[in-house]
Structure formats: structure tokens, C-alpha cells
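J.: next one to model:
(one chain, ligands or ions: 1)
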Amino acid sequence: MDLNLKDKVIMVTGGAGLPGSIGETIVRHIVAEGAIPVIVDKHTRGKKLEQELWDEGHNALFVEADLTTPKGCRNAVEQATGHYGRLEGLVNNLGVNDGVGFDGSYDDFVNSLKLNLVHFFAVTKAALPYLRKSSGPIINIASKVALTGQGKTSGYAAAKGGVLALTREWALELREDDIRVNAIVIAESWTPGYESWLKKFDDPEAKKNEIVSKIPLQKRMTTPDELADTILFLLSERASHTTGQFVHVDGGYRHLDRAIT
Ligand SMILES: NC(=O)c1ccc[n+]([C@@H]2O[C@H](COP(=O)([O-])OP(=O)(O)OC[C@H]3O[C@@H](n4cnc5c(N)ncnc54)[C@H](O)[C@@H]3O)[C@@H](O)[C@H]2O)c1
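T.: Reported below is the predicted structural model:
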């Protein structure tokens, strides 16, 4: 299936995670389709990734930005559009399950919202004039935590709930610009971040086996490649009548009957 994404400029926030992270994997899938990723991240690792992609013969741009500030969000879009003159897709991916619960302060909670939700609005607002011109789609990365809870992570849960609400709100508001807006709801995906979270348990291997045993399809975690494949499809014109959806790429984790599975 030709996704027809060649030469399209697509921004990925938090796109310079460690190899095997979701953002970095999305970036690699974008170049595999012949499209051009704008990697926005506060970590200079993004510069190395940009260079690596150029060395492999791909076009790519790294923009260093702290997306917890309004200036960082604006600058990221300005640098990308200043460079390419256009933007044809946006993946709001940046998010960190920072474990801000009732032990945290008022400021901790607000900062968690800044890290996990507020930049979705600020980056999208800055990108809108360009997305309107290209009818460029938006993908918001959400989490099952918004729907199931997790415990001890009020900030992240509230933020991811907000991400789902904004997906519906924007899909409705932006329909007249032919901008499609969809959310990818992730449950358990094996990433470097997930691995370091597991290490906090006394027996990480036992905890992993316990989690995996509850994933209905094939009793395994979702790979970042599987997430990226669905994201690229939703970014493409092949998904031309899909908008406002919460797409659960999770091996049935969230919806299938646990009593049977
Ligand atoms: N792995 C899972 O099972 C899972 C489950 C549910 C949701 N998710 C979601 O998937 C998305 C990606 O997760 P991941 O594990 O690939 O992320 P990650 O933690 O590996 O990468 C996060 C990236 O964001 C960057 N970053 C952090 N703070 C920043 C800031 N202030 N400004 C700019 N960049 C900043 C980091 O430098 C890093 O490169 C997140 O939204 C996460 O909530 C993952």
C-alpha cells in the first residue's frame, strides 16, 4: 500500500528518545516512507539522530526545544517552518509518566500537566496556520492510564485524559480545514523508558511476566514498530475518512473480557 507520504514534513515531539523509544521509532518510520521528520526534543541526542539520518541519505531536521515553555513550543514550529516553509503532519508524542500523585505538591501537579498536556495545545496552536494550508493530520499519543487509572500518577492520568478530550475537540473544530485528528492509545509497549520503570520493582522479570500474561493477543507487549505502523497509516491519505478516533494499539488489553482471556 503506497501511503503517499513522500517529501511530507512531519513534526514529532519528544522524537529523540533512546533507540527503541516510541518517538525515535516514529521518526525512523517517517523516513522509511520517504517523508521528512522534524525531531523536536530537549535532548541533544536529536542532533546525532539527525546526522545519522542524513548519513543514510534522508532529509531530517532536529530542533532543540524545551516544550514545557510557551517559547520553546513556538520556537520549535518557527524553526521547522522557517527551514522547510511548510508542515504536513504533527505527532504530539512527548509524554513522561512522572508519578506525580498525592505525595506531590500543587506545583508538581501543574508541572506534570506542562510536561504531558499543555505543549499539545501550544505546539498545535503554533503549527495550525501551516497545517491548515496542507490539511495536515494530527496524531496525539495517549495512554490507557487515562481510562483505567494506574495509581500514584494523578498528573500523568489527568494529562492523558486531556489528550483524549483534545482529540475529540480538535477533530470537531478542525473538520472544516480537512484536518483529521486521532489519538493512539498505548497500553504496554516495550521501550527503554518502560524497562527503567520495571527496574524499580524488586523482581522486574516477575513483574514483566505478570503484565504480559494479561495481554490477550499473543501474551506479549506491543512493539514501538507496531505503534509507528498504525501512526503512519493514520497520517496518510489512506485514512482519509478517519477522525476523532481513539485507536487502541494494545493487543486487546483495554477492551477484551479478562474473565475469558
Ligand atoms: N511505553 C509505553 O508502554 C507507553 C504507554 C502509554 C503511553 N506511552 C506514551 O508514549 C509516548 C512516548 O513514550 P517514550 O517511552 O517513547 O518516551 P521517552 O521517555 O523514551 O522519550 C521522551 C523524550 O522526550 C524528551 N523530553 C523530555 N522532556 C522534554 C521537554 N520538556 N521538552 C522536549 N523534549 C522533552 C526526552 O529527552 C526524550 O527524548 C509518551 O507520550 C508516553 O506517555 C507509552
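J.: these two touch, right, residue 60 and residue 37?
T.: Yes - counting by C-beta atoms under 8 Å, residue 37 is a contact partner of residue 60 at 5.2 Å. (Each C-beta comes from the backbone N, C-alpha and C, glycine too.)
J.: comparing those two, which shows the higher neighbour count?
T.: More neighbours surround residue 37 than the other of residue 60 and residue 37, with 30 against 21 (other C-beta atoms under 10 Å).
J.: in the helix or strand hosting that one, what's buried?
T.: For residue 37, the host element (DSSP states H and E) is strand 36-41. Residues of strand 36-41 classed as buried: 36-41 (neighbour count, 16 or more other C-beta atoms under 10 Å).
J.: and what of stretch 213-227?
T.: For stretch 213-227, using 16+ other C-beta under 10 Å, the buried residues are 215-216, 221-224, 227.
J.: ok, now stretch 24-40?
T.: Going by neighbour count (16+ other C-beta under 10 Å), the buried part of stretch 24-40 is 24-31, 33, 35-40.
J.: same thing with stretch 94-103?
T.: 94-95, 97-101.
J.: list the contacts of it.
T.: If you take C-beta atoms under 8 Å, 6 or more residues apart in numbering as the criterion, stretch 94-103 is touched by 13-14, 23, 40-41, 67, 108-109, 111-112, 115-116, 119, 141, 143, 145, 150-156, 159-160, 163, 193, 197.
J.: among these, which are located in strands?
T.: 13, 40-41, 141, 143 (DSSP state E).
J.: quick one, which of the contacts of stretch 94-103 are buried?
T.: Neighbour-count burial (16+ other C-beta under 10 Å) applied to the contacts of stretch 94-103 gives 13-14, 23, 40-41, 67, 109, 111-112, 115-116, 119, 141, 143, 145, 150, 153-156, 159-160, 163, 193.
J.: that older thread, and the buried residues of stretch 24-40, which two are furthest apart?
T.: Put simply, by C-beta to C-beta the two of those set farthest apart are 33 and 40, 18.9 Å from each other.
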